[in-house]
Structure formats: structure tokens, C-alpha cells
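> model this:
(2 chains)
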Amino acid sequence: MSNVAQALTPAPAKGGNGLLTVSGKLDVERIRAEFPILKLKVGGKPLVYLDNAASSQMPQPVIDRLVRYRTTQHSNIHRAVHYLSETATHEYEEARRKLQQFINAREEREVIFTSGTTDAINLVMHGYGRKFVGAGDEIILTTLEHHSNIVPWQMLCEEKGAKIRVVPINDAGELLIDEYESLFSERTKFVGVMHVSNALGTINPIKEMIKFARDREIPVLIDGAQAAPHMKLDVQDLDCDFYAFSGHKICGPTGIGILYGKAALLEKMQPFKGGGDMILSVTFEKTTYNTIPHKFEAGTPPIAAAIALGAAVEYLSAIGMEKIAAYELDLLNYATEQVNRIPGVRIIGTAEKKAAVLSFMVEGVHPHDVGTLLNQDGVAIRTGHHCAQPVMQRFKIPATSRASFAFYNTMAEVDALIAGVRSVQKVFS
Amino acid sequence: MADTKALYQEVILDHNRKPRNYGTLEHASHKAEGHNPLCGDHIKVALNLDGDHIDGIAFQGESCAICKASASMMTATVKGKSRRDAETLIREFRDMAIGKLDLTSQPHHLGRLTVFAGVRDLPTRVKCAILPWHTLHAALNSIASTSTEAEDDPMHAPIGNA
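Numbering: from 1, shown residues only, chains lettered A, B, ... in the order given. Next up, the predicted model:
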């Protein structure tokens, strides 16, 4: 555990001189000091990194964990009887336990390591969809979905002759729940919903949506890629059947993520990939598959990445996801207020409940020009369709500029964004 | 970096505000649509070939300032030129934008179009500048629609060599 994480472990007797101030809020400057990349200068200007929804940065304790694994613990897992293999296996399974705790899953075996959210959704499509969805069946998705929660289901529908039904949104970017409920019929076989919209920031009312589907015994997959960085997760409380997210959006490495699935469902599913580690015995006549989670982890996994992801969730939990959420909401509210003060700038996505994602349009300026000019000031935002083209089509725009915040961003960085946007307007005036 | 701001502040913004040859062309003999699916830029180029000469040309579309200015300056430059000269400019512009053409040591015919040389330092914007030229190439070769991605990708496709 890192020094910071140790300092954060509740220890009121010692006075708690870690990252928390007296008022119980984050000490952002101390947190920033743990992220080496935040010291970077871009074109002579301090980096203002506001593209966290695309990928977050990694704190030193997570980097250190990667190095420690690589320098003292690496070997293949679940294989040999020697020291290194046993150490690597132990650390890999420890990481699984940390992820289980992070999302409050009932059992460790309900956590499957995948290469990321996309891989996790594809696993469910192949493992569950191809087995249980047939001709004429329907899958419910929403307008807000990222392409990664659309395309796999389209592929399945094409193969099986099934159909996708889409939950519409209102002008604020909120799902129309009445419409969602009216889409259910005896043909409905699966529901896929994102927890937080990557393009607009909308936090969807997934708990009630899950309940509605579960009452009809329809399994629900939640794409949690944008929720995991911003809020405390409890899959048992949500009662979802599947929950997926990526490591690199929560201060971990790329190439790793998880799929949570209820054990009973995972056991009913067919494997996604065949290969080593996912079997108990193989002959040319018959293969007996391994138990979960190994049934879904064919081949040598990204062991170092999984272990580092374990360190990342430990780091975040030590700070406290509730505190992170509260601080990020302050950032979002401040940024929203400041952007609303600039004439000619319009926020896209004005849902009542939002995570720290701010999409906007500068009148008369294409988002790509906004992004290129902000880069001149060291401000990194994302511009484009954010892999959510149906959302762009809904708002009849080709793209947006998107600033997305993490707990290591500051109010001063919001000010830098605002100053940057004003200077873009000046250039184009 | 300084080049980028200069790039924006001088010629490009002028052409973005007052694009030349913007609109439709009646009785076009050749036309094509170009699309950059990565950023949503979408433009239409229509032209009239009188014998071997580009008699008239117009463009329309939704795009960023770099793309629009590139299209505006392109239409102004190729109007009245021969098809062969236009193809040469297409090739030279592409090579300049991707950094393959050294403006100081290699001969070229780009003239004021060299203002776009700075995009070579903005890898994600190179295709914004190239899209109009790529679309003009498609129009000249009677290809109805083209894209900056997949098999039409101007970074790989033999643009200007047809």
C-alpha cells in the first residue's frame, strides 16, 4: 500500500494527517503530487489534463506496483510449482479479490479479468447472447450507448435474426423511462445500459431500470466504464447481472478491465475464447471447461496489468469514492456555471444527475478547432463524436468538445479551460 | 506550436469566414462527396470540365476551419487549371500536409497553399486539410464518394496518381 493510501486508511486516533483536510475534503495538491505526468509542460504551458473520460492518469503507487511486479514477481500464473509462479498467481488472485471488494461482489469468482469494457461486453454477447438469444428476440439498448455496447449486439442480431430496440432520450440527455418500460415484451431477452454517458455525463437511473427488467427475469448488462471512476459501486445493491469497466479509466493500466457477472449466470454461459487455462481436461474427443472465472480467461492474461489495477482500486478506495464523487461534483458545478457565463457557448447534456463530464459547443467554431487551439494553452480536451454517434445524431451535431474531470483536477484548471475557450472565441471573432 | 496559431490567425480564418466558391454548381460535369468519419467533416465538390480545363468549381459542407479554408483555397487555385495540373497540386498538397514534401529543397507549385504546411505538426488535423483535395481527386476520377478512412485513406491510397 502506498504512503498516501496508508495515510488515508481511517486512523482517527492518530489524527489523520493524510490527504484529508479538517473539513474532510480532498487535499488535491497532495494528490496531484502523486501523479508524475501532471508536472508535464505542453508547449511551455503546464498541462491541464481534462480528457479523463478517455483515459485517466496513473499515480506513483500504481506505477511502483507495476515495477515491483516486473522486477521481483513475474512468471506465468496457474502453471508451475516454483516460487515465482506461485507468487504471481497469488498476486493476480489478490487483485481479483481487491476488485471484488471495490464493486462489492458476493464472490471473487464473479470477477473476470478482461482486456477492458469492450472485451467484457463481447464476452457477454458471445457467452450469453449467442446461447440464449434467438430469431425474433429483442435486445433493449439506449440512445446514449457507446459504440462498444451497440456493435456487438448488432453483430449478434445479424447472426441470429434478432432485433435491437432503443430507449430514446430527452433534450437534456436523460433516458425516457416510460419509453424504456414500454419496450418490454415477451420477445425481450436482454438489456444493455450504460451507467454514465461518456458523451454527456448523464447518470442513468440504472437501479430502477435493473429492477424493472429483473422483475421480468430479463438479464441486464451495465456498461460502467464511465461510472467506475466517479462513484462508489455496489453490484449487489444494484442487482445487475453483468457490470463491465476498464482499468485505464480508474488510474490503472490499459489492456485490463473486468466483467462482473452473477455466478449462476456465468456458469450457464458458454466460453468466449478457447485455449489454455480455461480447461480442466482436453482430449481430441472432448474438452471439459474449467470453473468460473477461469472458464472465461483463456490464455496468459495481462498479469502485471491486473495486479496494477488491484493497486489502483486500493488507491482510490483509500481516498474514498464518496469523497471523490463529492469533489468532482464541485468541479462540475463550477465548470458548468463558468461555461454558462460565456455567451455563444452551449452545454450539450444538461441532465439533472451528471458525473464530471462537460460537453459543449462554441457557436461558429468546429469542436476540432476548439481542441487544437486549447492545446496551444496546454489544455487537453477531447473533441469528436466520443464513439457515441447516435447521441450526436439525436442532437443534430457532428461532434462536441468535451472536458472530463478527475479528482486530481483543480478549480484553477477549470479557470484555464474557461480562459482557453474565451481565447478561441477571440481568434474566431 | 507558434505556427499553429499563425496558421489559424492569418489565411485560414479569412477563408473560414468568407469561403470562396462556396455553394452549388449548376450542370456540374463531375462531383464527389468526401467524408472524414473520425471527426464528421463532410464536404461536396462539384466541378465543370471544359475539355481538359476546370471551368467552374464549387464546394459545400460541414467542417472545421482547416478543412473549409483548405477547400476554399483549393477551389480558388484550381479554377481555370488543367486536369493534369490539378492532379499535380493534389499530390503536392498531400505530400506537404504529411511532411513528405520539403518545401525549401523540393520543387512544387503550391504557392500560397504552403500556409497549410503547419498541419504536418498536428497529426490529428492532417486529414482535415487533405479532405477537400481527396474529394477533388475523386470527382476528377468520377468516384461519387470517398472517405479519409479504410481503403480510401489518402495516407495510403494512390491519391493524385490516377
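
> can you tell me the element the residue in the stretch 251-400 of chain A positioned nearest to chain B falls in?
Scanning the stretch 251-400 of chain A for proximity to chain B using Cβ to the nearest Cβ identifies A:Pro398 as nearest, at 3.1 Å. C-beta: built from backbone N, CA, C; applies to glycine. In the assignment (DSSP states H and E), A:Pro398 maps to no helix and no strand.

> which residues does the most centrally placed residue in chain B contact?
Residue closest to the mean C-alpha point of chain B, counted by Cα atoms, centre = their mean, is B:Trp133 at 2.8 Å. B:Trp133 makes contact with B:Ser70, B:Met74, B:Leu89, B:Ile90, B:Phe93, B:Arg94, B:Pro154, B:Ile159, according to Cβ atoms under 8 Å, 6 or more residues apart in numbering or on different chains.

> the same query, at a cut-off of 7 Å, please.
Residues counted as contacts of B:Trp133 (Cβ atoms under 7 Å, 6 or more residues apart in numbering or on different chains) are B:Met74, B:Ile90, B:Phe93, B:Arg94.

> would TSV of the residues you listed with secondary structure and neighbour count be doable?
Listed next are these as TSV, based on DSSP: H, G, I helix; E, B strand; the rest coil; neighbours: other Cβ atoms under 10 Å in any protein chain shown:
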residue	secondary structure	neighbour count
B:Met74	helix	27
B:Ile90	helix	25
B:Phe93	helix	29
B:Arg94	helix	22
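
> of these, closest to chain A?
Distance to chain A across the contacts of B:Trp133 (Cβ to the nearest Cβ) is lowest for B:Met74, with 17.8 Å.

> now for the closest one: which residues touch it?
The contact partners of B:Met74, by Cβ under 7 Å, 6+ apart, come to B:Pro132, B:Trp133, B:Leu136.

> show me the helices in chain B, by range?
For chain B, the helices identified by DSSP state H occupy B:2-7, B:13-17, B:65-78, B:83-97, B:126-140, in order along the chain.

> now the residue of chain B found nearest chain A. Nearest residue, chain neighbours left out?
Ranking the residues of chain B by distance to chain A (Cβ to the nearest Cβ) places B:Gly40 first, at 3.1 Å. Nearest non-adjacent residue to B:Gly40, counting by Cβ to Cβ, 6 or more residues apart in numbering or on different chains: A:Pro398, 3.1 Å away.

> can you verify my assumption that that neighbour contacts B:Cys64?
No - the criterion here is Cβ atoms under 7 Å, and A:Pro398 misses it with B:Cys64 at 9.3 Å.

> where do the strands sit along the stretch 1-150 of chain A?
A:41-42, A:45-46, A:48-49, A:111-114, A:138-142 (DSSP state E, counting those that start in this stretch).

> what is the fourth one packed up against?
If I follow you right, that is strand A:111-114. With contacts defined as 3 or more Cβ pairs under 7 Å, 6 or more residues apart in numbering or on different chains; DSSP states H and E, the packing partners of strand A:111-114 are helix A:83-103, strand A:257-261.

> coming back round to it: neighbour-wise, which of A:Pro398 and B:Cys64 wins?
Each of A:Pro398 and B:Cys64 has its neighbours counted (other Cβ atoms under 10 Å in any protein chain shown); B:Cys64 has more, 29 against 21.

> who's in contact with the more buried one?
The neighbourhood of B:Cys64, defined by Cβ under 7 Å, 6+ apart, consists of A:His366, A:His368, A:Asp369, B:Cys39, B:Asp41, B:Cys128.

> report the lowest-confidence entry in those.
In terms of pLDDT, the weakest of the contacts of B:Cys64 is B:Cys39, which scores 74.

> and for that one, the neighbour number?
Using other Cβ under 10 Å: B:Cys39 sits among 25 other residues.

> again, but for A:His386
As a measure of burial, A:His386 has 23 neighbours, counting by other Cβ under 10 Å.

> next: A:Gln101.
Residue neighbour count, defined by other Cβ under 10 Å, stands at 15 for A:Gln101.

> gap between it and chain B?
A:Gln101 sits at a distance of 39 Å from chain B (criterion: Cβ to the nearest Cβ, to the nearest Å).

> gap between that residue and A:Asp64?
Using Cβ to Cβ, to the nearest Å, A:Gln101 is found at 21 Å from A:Asp64.

> coming back round to it: output the helices and strands packed on strand A:111-114 as TSV; include the columns mean pLDDT.
Listed next are the helices and strands packed on strand A:111-114 as TSV, based on pLDDT from 0 to 100:
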stretch	mean pLDDT
helix A:83-103	97
strand A:257-261	98
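
> need the winner for burial among these.
For the helices and strands packed on strand A:111-114, the largest average neighbour count (mean count of other Cβ atoms under 10 Å in any protein chain shown) is found in strand A:257-261, namely a mean of 30.

> contact partners of that one?
Taking contacts as Cβ under 7 Å, 6+ apart, the residues outside strand A:257-261 that touch it are A:99, A:103, A:105, A:110-117, A:119-120, A:123-124, A:235, A:241-247.

> burial of the closest residue to chain B within the stretch 51-200 of chain A, as a residue count?
When Cβ to the nearest Cβ is the measure, the stretch 51-200 of chain A has its nearest residue to chain B at A:His147, with 11.7 Å between them. The local packing of A:His147 (other Cβ under 10 Å) involves 15 other residues.

> name the nearest residue to it, ignoring sequence neighbours.
Among residues not flanking A:His147 along the chain, A:Cys387 sits closest, at 4.5 Å (Cβ to Cβ, 6+ apart).

> likewise for A:Glu174?
Excluding its sequence neighbours, the residue lying closest to A:Glu174 (Cβ to Cβ, 6+ apart) is A:Ala351, at 4.7 Å.

> isn't that neighbour right next to A:Asn170, touching?
No - in this structure, A:Ala351 sits apart from A:Asn170 without contact. The criterion is Cβ under 7 Å, and the distance is 8.8 Å.

> who's more crowded, the two?
More neighbours sit around A:Ala351 than around the other of A:Ala351 and A:Asn170, counting by other Cβ under 10 Å; the figures are 19 against 12.

> follow-up on the earlier one: would you turn the helices and strands packed on strand A:111-114 into TSV with distance to A:Ile418?
As requested, the helices and strands packed on strand A:111-114 are exported to TSV (distance: least, Cβ to Cβ, whole Å):
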stretch	distance to A:Ile418
helix A:83-103	34
strand A:257-261	33
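
> which residues does A:Ala388 contact?
The neighbourhood of A:Ala388, defined by Cβ under 7 Å, 6+ apart, consists of A:Leu144, A:His146, A:Asn198, A:Ala199.

> okay if I get these as a markdown table plus pLDDT, distance to A:Lys189 and neighbour count?
Supplementary listing: the contacts of A:Ala388 in a markdown table, determined by pLDDT from 0 to 100; distance: Cβ to Cβ, whole Å; neighbours: other Cβ atoms under 10 Å in any protein chain shown:
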| residue | pLDDT | distance to A:Lys189 | neighbour count |
| --- | --- | --- | --- |
| A:Leu144 | 98 | 21 | 29 |
| A:His146 | 97 | 21 | 23 |
| A:Asn198 | 97 | 26 | 28 |
| A:Ala199 | 97 | 27 | 31 |
